[in-house]
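Trainee: Give me a model of this one.
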Amino acid sequence: MPPYLRLRLVCLAGAILLSACSTIDQPVSEPVTVREPVPVTPAVPNTPFADEPEKRTVYFGFGEARIGHEGVVVLRENALRLKNDSQLIVTLVGHTDNLGSAAYNLAVADKRIEAVNDKLRSLGVAKNQLRRLPLGSEQSNKEACDSEACRQTMRKVELVYERR
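Mentor: Numbering: from 1, shown residues only. I've put the predicted structure just below:
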């Protein structure tokens with residue numbers, strides 16, 4: 001089984017376990033353990049929007065998974081590229097801000113990915129061209145981003161391209 005499928009299954013199992021919880025985690029102040037950021041695979045050269053991250057990023061509000069007008073515009077452009085080149089694969093990488101528990105943030109990231117996935121599918125993108133990678137707040141730490149403006153930039157789904 002390819003490693004990305006194993007990761008998907010682990011993330012899905014975690015999301016199912018989280019959905020069984022009877023309470024929703026609220027953002028709390030906890031001691032911060034500083035970890036090295038997990039690198040996100042950059043867009044491959046010669047793929048759509050490789051040098052234009054703003055054209056392959058959908059932003060969200062706090063705790064939301066609703067795609068706004070700007071996000072729909074971004075997804076329409078990406079869907080067109082994907083439909084015109086069946087050799088392209090896009091990984092939907094979900095991020096959250098650094099508020100809330102890791103489990104809560106992972107669940108929010110997964111909901112955002114689901115919304116982007118559903119929109120791309122409704123725009124005609126083939127299922128086999130889409131992959132999912134919820135990261136939650138794994139790439140952030142509370143010391144690095146303490147303003148609302150900074151946190152807003154963290155609430156996103158990135159579309160990372162590769163070729164088959």
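Trainee: got the residue ranges for the helices in this protein?
Mentor: Taking DSSP state H as the test, the helices found in the chain are 3-19, 69-84, 102-122, 148-154.
Trainee: Between those helices, which one is closest to residue 54.
Mentor: Residue 54 lies closest, by CB to CB, to one member of the helices of the chain: helix 69-84, at 8.0 Å. Any C-beta I mention is one placed from the backbone N, CA and C, and that applies to glycine too.
Trainee: In this protein, where is pLDDT below threshold?
Mentor: When residues are selected by pLDDT under 70, those of the chain lie in 1-45, 139-144.
Trainee: Mind doing that once more with 50?
Mentor: Scanning the chain for pLDDT under 50 picks out 21-40, 142.
Trainee: Redo the helices of the chain as CSV? Include mean neighbour count and distance to residue 95.
Mentor: Formatted as CSV, the helices of the chain follow (neighbours: other CB atoms under 10 Å; distance: least, CB to CB, whole Å):
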stretch, mean neighbour count, distance to residue 95
helix 3-19, 12, 14
helix 69-84, 16, 14
helix 102-122, 20, 6
helix 148-154, 13, 6
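Trainee: Could you dump these into a markdown table and include distance to residue 138?
Mentor: Formatted as a markdown table, those follow (distance: least, CB to CB, whole Å):
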| stretch | distance to residue 138 |
| --- | --- |
| helix 3-19 | 11 |
| helix 69-84 | 22 |
| helix 102-122 | 8 |
| helix 148-154 | 11 |
